[in-house]
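1. Compute the structure for the input listed below.
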Amino acid sequence: MQPNQGRIHMGEWRGVAISFVYFFCVLAAYYMIRPVREQLSSAVGSTQLPWFYAATFIATLVLTPVFAALASRWPRRVLVPVVYVFFIACLLAFMPAFTHTGLLSPRVLGMVFFVWVSVFNLIVVSVFWIFMSDIWSLDQSKRLFPIIAVAGTLGALAGPALTRSLVSVIGVAPLLLISASLLGIATVCVMLLNRWARVHGARRHEAGHEDAVGGGMWDGLKQIFADPFIRGMAVLLLLADGIGTVNYALMIDYSGATFADAAARTRFHADVDLVANLLTVIVQVTLTRWLLPLRGPGAVIMLWALVSIAVLLVVVFSPDPHAPLFTLPLLLGPVAPTVLALIVSRGLAYGMAEPARHSLYTRVPRNVRYKGQDAVDTAVWRFGDLAIATGMNGLKSLGMTVGGFAGLSALAAFAAAGVGWRLWKRVEKVGETVPVQAEAGK
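-> Next comes the predicted model:
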């Protein structure tokens, strides 16, 4: 490693520290309520996921232009806090539904909560990374994003750990209050970062670096089709979805078939999150922190894809993908190939692919950064969930087995390696402050 690679420079420490706390709180807030969503989906099985994903896709399709419209008119210092305050209010509004069981039927509550948590996750994390790519340069992103991403993983470890220890003591509703409080701390961090970036940020000399981005509310969705870079990023995310959503569906079926009650399923999913997130943080502080500044995002994305292929092939060639391979004491107990595939692919996706992918956005215009990036990370992601889950149901009716789905997922990983490498080479040719395309959408 060269002397400056992976290190925090003078003048960056305060910004990194605030970003660290910010991302920790965002991910901890989400992962506290994620196991509740998982046990609800496990109770109905993966065949119902297309309905959940369809509702989530429609919600993101509606909210994406709304966010773009707000970004067009409101400066950064107003836009980002307003988004988080909205989700804090939603969390508090859900509390009565979990306290008074007669307000909503279990099926309706499960559907609404699944959709809302899925939208919550995408938007609050997408806004975080948009904000990061708006205040850090490409050179800084390669050095600092792996470090900042560790905070998110620590939050993702703390969230399910809190849920695991508290859910049987205080119930679900108080967990929502704790989650809302963490999101409130994240909002304070946004305000502090805005002040810091105005004085010390790498982009403070750029004209209008924190102003409203202008343009129209449909810019983000248009850029998916009109802008070659955003189109490529959308394809990369869809291919990554071909790994994550397939593994998630296979694990949902495993959980539903293995655990008989809601408490056992909730504990199992919390354990899966803990192990996957522990792997994520190990990868972030070792491999990604070294490889991203040294070789760039393309190499990181390619390595993530190749390792995902390897673990998926374990599922393909297993005589029984749901039979235990080995045991993890104290946590998961017996680990089946399908669970192993999800843990490894998810751990590397967030430990390697996500910091690398988001660093690519630092070289695009602000209009693309706020609108195209948000459209890819919300509407495109949930479209991929819907398309893949629906396709899996169709293939199941034709007799496809777990090994066949794992094989298709391995092909998606192989394609993702090539797409990620090409996107990096495209961005690498662009100067630090020169847009990938002269004007987004043209």
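
2. V127 against P81, yeah?
-> No - in this structure, V127 is not within contact of P81 by C-beta atoms under 8 Å, at 10.1 Å. The way it works is simple: take the backbone N, C-alpha and C, and place the C-beta from them, glycine included.

3. So for the two, which sits in the more crowded spot?
-> V127 (25 against 17; other C-beta atoms under 10 Å).

4. Tell me how far that one lies from D374.
-> 8 Å (C-beta to C-beta, to the nearest Å).

5. Now do the same for the helix or strand where A59 lies: mean pLDDT, whole number.
-> In this structure, A59 sits in helix 49-73 according to DSSP states H and E. Across helix 49-73, the average pLDDT comes to 86.

6. could you say what helices and strands the helix or strand that comes right after it packs with?
-> As assigned by DSSP H and E, the chain's next helix or strand after helix 49-73 is helix 76-99. Applying 3 or more C-beta pairs under 8 Å, 6 or more residues apart in numbering; DSSP states H and E, one finds that helix 76-99 contacts helix 49-73, helix 106-135, helix 172-200.

7. Which residue ranges of the stretch 301-442 of the chain form helices?
-> Under the criterion DSSP state H, counting those that start in this stretch, helices of the stretch 301-442 of the chain are mapped to 337-348, 354-359, 366-367, 373-375, 381-397, 402-428.

8. what's the least confident stretch among the ones you listed?
-> Minimum mean pLDDT among the helices of the stretch 301-442 of the chain: helix 366-367, a mean of 86.

9. rewinding a little: compare the helices and strands packed on helix 76-99 and give me the one nearest V85.
-> helix 172-200 (6.4 Å; C-beta to C-beta).

10. buried residues in the closest one?
-> Residues of helix 172-200 classed as buried: 172, 175-176, 178-180, 182-187, 189-190, 192-194, 196-197 (neighbour count, 16 or more other C-beta atoms under 10 Å).

11. where in the chain is pLDDT low?
-> 1-6, 38-49, 101-107, 205, 207-209, 262-263, 326-333, 430-442 (pLDDT under 70).

12. Recalculate using a threshold of 50.
-> Applying pLDDT under 50 to the chain picks out residues 1-3, 432-442.

13. ok so, going back, I'd like the helices and strands packed on helix 76-99 as CSV, with distance to L325 appended.
-> Output for those, formatted as CSV (distance: least, C-beta to C-beta, whole Å):
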stretch, distance to L325
helix 49-73, 25
helix 106-135, 29
helix 172-200, 32
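
14. These: which one's closest to F383?
-> helix 49-73 (5.4 Å).

15. so the closest one versus helix 106-135, what angle?
-> 40 degrees (axes from the mean of the first three to the mean of the last three C-alpha atoms, to 10 degrees).

16. Might one say that M392 is in contact with N247?
-> No - applying C-beta under 8 Å as the test, M392 and N247 come out as separate, 11.2 Å apart.

17. So for those two, which sits in the more crowded spot?
-> Each of M392 and N247 has its neighbours counted (other C-beta under 10 Å); N247 has more, 27 against 21.

18. For that one, which non-adjacent residue is spatially closest?
-> L342 (4.1 Å; C-beta to C-beta, 6 or more residues apart in numbering).

19. so who does that neighbour touch?
-> L342 is in contact with 247-248, 250-251, 272, 276, counting by C-beta atoms under 8 Å, 6 or more residues apart in numbering.

20. Pick the one among these closest to W116.
-> Comparing those against W116 with C-beta to C-beta places Y248 closest, at 17.8 Å.

21. Spatially nearest residue to the closest one (excluding sequence neighbours)?
-> Nearest one to Y248, counting by C-beta to C-beta, 6+ apart, is L342 at 6.6 Å.

22. Check the gap between that neighbour and V199 for me.
-> Taken as C-beta to C-beta, the span from L342 to V199 is 43 Å.

23. Next: L236.
-> 35 Å.

24. Specify the angle between the helix or strand where Y31 lies and helix 106-135 in degrees.
-> Y31 is part of helix 13-44, with elements assigned from DSSP H and E. Counting by the same axes, to 10 degrees, helix 13-44 lies at 160 degrees to helix 106-135.

25. so how far is helix 13-44 off the chain centroid?
-> Chain-centre distance of helix 13-44: 10 Å, with C-alpha atoms, centre = their mean, to the nearest Å.

26. One more: stretch 374-383?
-> Chain-centre distance of stretch 374-383: 11 Å, with C-alpha atoms, centre = their mean.

27. Then stretch 134-145?
-> Here the centre of stretch 134-145 is set off from its chain's centre by 18 Å, with C-alpha atoms, centre = their mean.

28. That one: which residues count as buried?
-> 134-138, 140-145.

29. returning to that earlier point: what residues of the helix holding A59 count as buried?
-> In helix 49-73, counting by 16+ other C-beta under 10 Å, buried: 49-57, 59-60, 63-65, 67-72.

30. Just to check, A28 is in contact with L182?
-> Yes - if you go by C-beta under 8 Å, A28 and L182 touch, sitting 5.2 Å apart.

31. Need the residues touching each of the two.
-> G155.

32. Next up, the contacts around the closest residue to L312 other than its chain neighbours.
-> If the residues on either side of it in the chain are set aside, L312 comes closest to A410, at 4.1 Å by C-beta to C-beta, 6+ apart. Going by C-beta under 8 Å, 6+ apart, A410 touches 308-309, 312-313, 316.

33. how about the strands of the stretch 201-350 of the chain, start to end?
-> Under the criterion DSSP state E, counting those that start in this stretch, the stretch 201-350 of the chain contains strands at 326-328, 333-335.

34. any idea how far A161 is from M191?
-> 28 Å.

35. go on, L306?
-> For L306 relative to A161 (C-beta to C-beta), the value is 31 Å.

36. So for the two, which sits in the more crowded spot?
-> A161 (17 against 14).

37. you'd agree that one is in a helix?
-> Yes - under DSSP: H, G, I helix; E, B strand; the rest coil, A161 falls within a helix.

38. contacting residues around the closest residue to H358 other than its chain neighbours?
-> Nearest-residue entry for H358: W129, 4.5 Å, with adjacent residues in sequence omitted and distances by C-beta to C-beta, 6+ apart. Applying C-beta under 8 Å, 6+ apart to W129 gives the contacts 358, 361, 373, 377.

39. One more: T163?
-> Contacts of T163 (C-beta under 8 Å, 6+ apart): 31-33, 35-36, 175, 266, 270.

40. Now L122: closest residue in space, sequence neighbours ignored.
-> T378 (4.6 Å).

41. G407 now?
-> Excluding its sequence neighbours, the residue lying closest to G407 (C-beta to C-beta, 6+ apart) is V316, at 5.0 Å.
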